[in-house]
Every structure is written in C-alpha cells, then in structure tokens.
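J.: After the sequence you'll find the predicted model.
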Amino acid sequence: MKVTTNGVRIHVEDRGSGDPALVFLHYYGGSSRTWKYVTPPLAESYRTVALDHRGWGESDAPAAGYALADHADDAAGVVAALGLRRYVLVGHSMGGKVAMLLASRRPDGLAGLVLVGSSMPTPLVASAETRERMRAAYSTRENVEMAIDQVLTAKPLGPADREQVIADSLRGAPPAKQAWPASGSREDISAAVPAIAVPTLVIACGLDRVDSVDTTRSELVPRIPGAVLQVLPGTGHLSPLESPADLVRLIDQFAAGLV
C-alpha cells in the first residue's frame with residue numbers, strides 16, 4: 001500500500017494486529033523487504049508496519065529532501081496516517097539514526113525504541129576516499145557484490161536473499177544513494193538523543209563491520225537514558241537477513257515487556 005505524507009508516496013507493508021504496533025525502518029540500500037523474515041512471525045502477535053524510505057524500494061523519489069529530518073517526518077506521517085496509537089520504532093543502520101531523531105521528539109504514542117546495528121548519533125568520521133567508496137557502493141552489480149562480501153555480511157546469504165540485496169541497492173534513486181554518504185551520515189544528532197524518554201533496546205552484532213559493538217557501546221548506548229545493549233554473536237551488519245530468528249526473539253521479548 002502507499003501512504004502519502006509530506007508530498008511523497010511512501011510504500012508500506014502492513015501486517016497483523018496487536019499492541020503495540022512495530023514500525024520498521026530499513027538500512028541505507030535496503031527496503032521494507034529487508035525485514036521479510038522478521039515481520040511475519042512478529043505479525044502473529046503485533047501489527048507490523050515496514051516502510052520504504054523515500055528514494056528506496058517502491059516509494060517515491062523526489063529530487064531533494066533526504067535529510068534525517070525528512071525521513072523522520074515521513075515515518076511520523078505514516079504513523080499518523082495509519083492511526084497507530086501505541087507503537088515501537090525499530091530502526092536498522094541508517095533507519096536507526098532516523099528512529100533516534102524521531103524518538104527524540106517524544107511523539108505521542110511512542111512506547112519503545114529498538115536500534116538494530118544502528119548508525120551512531122555522532123557524525124561518521126571517514127576519509128574522502130572512504131566516502132567516495134560509499135557513494136559508489138551501489139552503482140554497479142559488481143560494487144554491490146563487493147559491499148556484501150567485504151562489508152555488509154558475516155554469514156553467507158542464500159541466492160535469493162543475495163539477489164534481493166543487489167536489486168534493492170541498485171534500485172535506489174541517485175539522490176537517495178548520494179545523500180547518506182554526503183550528508184546524512186555526517187549529521188550530528190547527539191544533542192537530541194538524550195531527550196529520548198522511552199525504553200530502548202540496542203542490538204549490536206558481533207561481526208558488524210559497519211557499526212561495531214565497541215563503537216555502539218561507547219558512542220550510542222550512553223547517550224540514551226536507560227538504553228540496554230544486547231549483542232548477537234557471529235552476525236554481520238545485515239542481521240535481519242543473517243539472523244532473523246534472533247531478532248524476532250529479542251524484539252518480541254522487548255515489546256511484550258512494555259507496560
């Protein structure tokens with residue numbers, strides 16, 4: 001289904017029912033399909049809402065408007081359009097940084113926050129050469145495959161999942177592909193995240209080469225009041241595809257424990 005918010009049509013996969021609803025935000029290069037092994041089992045107990053960020057998947061791709069605030073506004077618009085009265089934000093990587101920004105606004109109905117292999121609230125420190133590699137990572141099939149093997153995963157993906165990651169990465173609109181390495185990853189929201197006032201679960205992955213456990217422990221967890229860290233051993237950055245059953249278990253435990 002499509003939800004129009006902020007002048008952009010956002011593609012949404014809406015499943016199940018139950019309280020609280022779980023709202024899933026994907027990584028840079030992904031889509032709502034990234035959560036395909038996570039949302040169906042959770043939809044047996046909760047309403048699950050997975051969206052494509054603008055410029056990715058089946059959502060519209062405007063020529064501009066790819067700051068973190070734009071993505072946060074889109075997510076807030078989806079929540080409002082679907083009438084979600086009580087919900088948990090679940091953000092992966094770039095989606096985690098978007099979720100933190102939205103949560104810091106203390107929106108009505110937000111009951112909890114789950115950050116999965118999340119980007120840091122501080123600016124990503126990277127050389128010009130590294131940023132250029134980021135910009136080119138999704139430009140060709142060969143580059144995407146290199147990113148999968150050398151950066152994104154620790155466990156081999158099955159053929160269908162690998163093709164999905166390649167397709168989602170290549171499908172991204174040019175301004176969306178450029179925005180994260182050029183600006184989104186540089187945004188500093190560290191002054192905002194201490195305002196987050198809901199229970200927060202931070203899930204880091206032991207073999208994550210994008211956002212490591214050590215960096216997560218030092219740069220993210222202390223900035224969110226009361227945040228709890230869980231580590232998935234033997235898993236890389238694409239944990240929704242590498243270790244979905246573990247994520248389902250942790251998210252279910254967290255959501256079931258919310259009062």
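T.: Looks like it arrived, so ask away.
J.: hey, where'd the helices end up in the stretch 101-250 of the chain?
T.: For the stretch 101-250 of the chain, the helices defined by DSSP state H, counting those that start in this stretch cover 128-136, 141-147, 159-171, 174-182, 213-215, 239-242, 244-256.
J.: Going by neighbour count, which residues of the fourth one are buried?
T.: Read that as helix 174-182. Neighbour-count burial for helix 174-182 flags 175-181 (criterion: 16 or more other C-beta atoms under 10 Å). The way it works is simple: take the backbone N, C-alpha and C, and place the C-beta from them, glycine included.
J.: just the second one next, same as before
T.: For helix 141-147, the buried set under the neighbour-count rule, 16+ other C-beta under 10 Å, comprises 143-144, 147.
J.: got it, and the shortest one?
T.: Neighbour counts using 16+ other C-beta under 10 Å place residue 213 of helix 213-215 among the buried residues.
J.: average pLDDT across that helix?
T.: For helix 213-215, mean pLDDT rounds to 97.
J.: which residues are in contact with that helix?
T.: Residues outside helix 213-215 that contact it (C-beta atoms under 8 Å, 6 or more residues apart in numbering): 120, 204-206, 231.
J.: What is the distance between it and the centre of its chain?
T.: 18 Å (C-alpha atoms, centre = their mean, to the nearest Å).
J.: Which parts of the stretch 51-200 of the chain are strands?
T.: Assigned by DSSP state E, counting those that start in this stretch, the strands in the stretch 51-200 of the chain fall at 87-92, 110-116, 200-205.
J.: what angle do the longest one and strand 200-205 make?
T.: This points to strand 110-116. Between strand 110-116 and strand 200-205, the angle comes out at 10 degrees (axes from the mean of the first three to the mean of the last three C-alpha atoms, to 10 degrees).
J.: the bottom helix or strand of this protein by mean pLDDT?
T.: Counting by mean pLDDT, DSSP states H and E, the chain has its least confident helix or strand at helix 128-136, which shows a mean of 81.
J.: from the middle of its chain, how far away would that helix be?
T.: 21 Å.
J.: Also stretch 108-128?
T.: If you compare the mean C-alpha spot of stretch 108-128 with that of the full chain, they lie 8 Å apart, counting by C-alpha atoms, centre = their mean.
J.: Would you reformat the helices of the stretch 101-250 of the chain as JSON lines and include distance to residue 110?
T.: As requested, the helices of the stretch 101-250 of the chain are arranged in JSON lines below (distance: least, C-beta to C-beta, whole Å):
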{"stretch": "helix 128-136", "distance to residue 110": "30"}
{"stretch": "helix 141-147", "distance to residue 110": "32"}
{"stretch": "helix 159-171", "distance to residue 110": "27"}
{"stretch": "helix 174-182", "distance to residue 110": "24"}
{"stretch": "helix 213-215", "distance to residue 110": "25"}
{"stretch": "helix 239-242", "distance to residue 110": "21"}
{"stretch": "helix 244-256", "distance to residue 110": "13"}
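J.: Just to check, residue 208 is in contact with residue 116?
T.: No - between residue 208 and residue 116 there is no contact under C-beta atoms under 8 Å: 10.1 Å.
J.: any shared contact partners between those two?
T.: Contact criterion C-beta under 8 Å, 6+ apart; residues shared by residue 208 and residue 116: residue 239.
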